[in-house]
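Student: Turn this into a model:
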Amino acid sequence: MSDLLDVLDKEIVSNGGPALVHAAVESAVDETLYLTGRPTLRQFLRFAKHEAVHPQPEELLAQQWQSSADILRMLEKEEAGFADNAPITKMDIKAYEPLLIEFLKDPLVQNGFNTVPTEVAFIELDRLVVYQHHIDLTYSKLLVNEFGGLPSDEKIFRTALMHDHPQAPVKYSRVHRNQYVFLSPSNDLRFLGTMKLQPENIKEYPPPGNLAGVIGIAVGFGSNFLNAIYTGKRLILNNGYHRAYTLRKAGVTHAPCIIQHALSKDEFEVVAASDVVDNLDYYLNNPRPSLLKDYFDPRLHVVMQTHRRIKQVVVKFEVDDGYLPAF
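Tutor: So this is what the prediction gives:
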């Protein structure tokens, strides 16, 4: 494992990826914004203990969390229903036609949003329901460098939806007969699922035998489009958290977004993140759930220096062959 880390480190330091990723790994310390008052105090204390470079005393952290929890209870009354019926504004097709045509050519769009009815429209960032508890401010500052100041309409569109999908450095190695380890400085590295392949799908790779079929185990990155799910009168931010935060930080109040309309609980469970599915009652029924605007309320978050981490994805497989009686 240490050899794999050394190789990844050399790749990052040399020419391992785009400038945005390259700059992100120059330091071993990140700056992280963490929402307080929600989720639980235990989760907050655990995060500070294990991730903060210089964690504050638990007593002080508990006081900060409780203060935020008290404010949130007040906001549940004062801002009850604020997340309901968030407006969805149709795009001016004539004004955005060239960008939309280019955007819809992206294979990640064509293949990644076919499960439920989907549209591209403008949403109000402050009213997005959020489930992600922390924001990597170091990465957000790097995104700001892409447009600088208050971006133009075209830059807002490109930042939210139509970027170049820069790939962070990735290294992987076989560590056991049936186990591979993938490493990357990007938190977005993830298991993407399995793919059923045919022999003709395998190019320029000598087969180990007369192939009957191939099962591919895919590891990589998500699209990172600004994507929300509309269900139960609410827009829940599903992906693109750092892009949404960075645009709002730059003064943008409304941004284009891929909106997936989940018309039933079954559909919602297919397209939503597991954190939301596991706490569905809170995100759909709490009078005032966590919102994107909470990231900008100093009463509802703390900022701390955190250790930079390397994301690890371990893939294991098992093969068992035998015989069954013939019919």
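Student: Show the model's pLDDT score for residue 162.
Tutor: As predicted, residue 162 sits at a pLDDT of 76.
Student: show me the contacts for the residue lying closest to residue 248 once chain neighbours are set aside.
Tutor: Distances taken as CB to CB, 6 or more residues apart in numbering put residue 125 closest to residue 248, at 4.7 Å, once the chain neighbours are dropped. (Glycine included, C-beta is placed from N, CA and C.) Residues in contact with residue 125 (CB atoms under 8 Å, 6 or more residues apart in numbering) are 244, 247-248, 252-255, 292-293.
Student: Report the separation between residue 125 and residue 86.
Tutor: Separation of residue 125 from residue 86 (CB to CB, to the nearest Å): 10 Å.
Student: what's the answer for residue 123, then?
Tutor: 7 Å.
Student: Now do the shared contacts for these two.
Tutor: Counting by CB under 8 Å, 6+ apart, the common neighbours of residue 123 and residue 86 are residue 235.
Student: how close does the residue nearest to residue 248 sit to residue 302?
Tutor: Distance, residue 125 to residue 302, using CB to CB: 22 Å.
Student: Check residue 213 too.
Tutor: 52 Å.
Student: So those two - more neighbours on which side?
Tutor: Comparing residue 213 with residue 302 by neighbour count (other CB atoms under 10 Å), the higher total belongs to residue 302, at 19 against 9.
Student: Can you classify the more buried one by secondary structure?
Tutor: Recorded secondary structure, residue 302: strand (DSSP: H, G, I helix; E, B strand; the rest coil).
Student: can you pull out the strands in the stretch 101-250 of the chain?
Tutor: Taking DSSP state E, counting those that start in this stretch as the test, the strands found in the stretch 101-250 of the chain are 118-124, 134-136, 171-176, 179-184, 190-197, 214-220, 227-231, 234-239.
Student: can those strands go into a markdown table with extra columns for mean neighbour count and distance to residue 287?
Tutor: Compiled in a markdown table, the strands of the stretch 101-250 of the chain are given as follows (neighbours: other CB atoms under 10 Å; distance: least, CB to CB, whole Å):
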| stretch | mean neighbour count | distance to residue 287 |
| --- | --- | --- |
| strand 118-124 | 19 | 18 |
| strand 134-136 | 20 | 24 |
| strand 171-176 | 14 | 46 |
| strand 179-184 | 19 | 39 |
| strand 190-197 | 12 | 33 |
| strand 214-220 | 13 | 39 |
| strand 227-231 | 24 | 17 |
| strand 234-239 | 23 | 11 |
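Student: Now these in JSON lines, please, with extra columns for distance to residue 311 and mean pLDDT.
Tutor: As requested, the strands of the stretch 101-250 of the chain are exported to JSON lines (distance: least, CB to CB, whole Å; pLDDT from 0 to 100):
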{"stretch": "strand 118-124", "distance to residue 311": "28", "mean pLDDT": "96"}
{"stretch": "strand 134-136", "distance to residue 311": "12", "mean pLDDT": "93"}
{"stretch": "strand 171-176", "distance to residue 311": "11", "mean pLDDT": "89"}
{"stretch": "strand 179-184", "distance to residue 311": "5", "mean pLDDT": "92"}
{"stretch": "strand 190-197", "distance to residue 311": "8", "mean pLDDT": "86"}
{"stretch": "strand 214-220", "distance to residue 311": "10", "mean pLDDT": "88"}
{"stretch": "strand 227-231", "distance to residue 311": "20", "mean pLDDT": "96"}
{"stretch": "strand 234-239", "distance to residue 311": "16", "mean pLDDT": "95"}
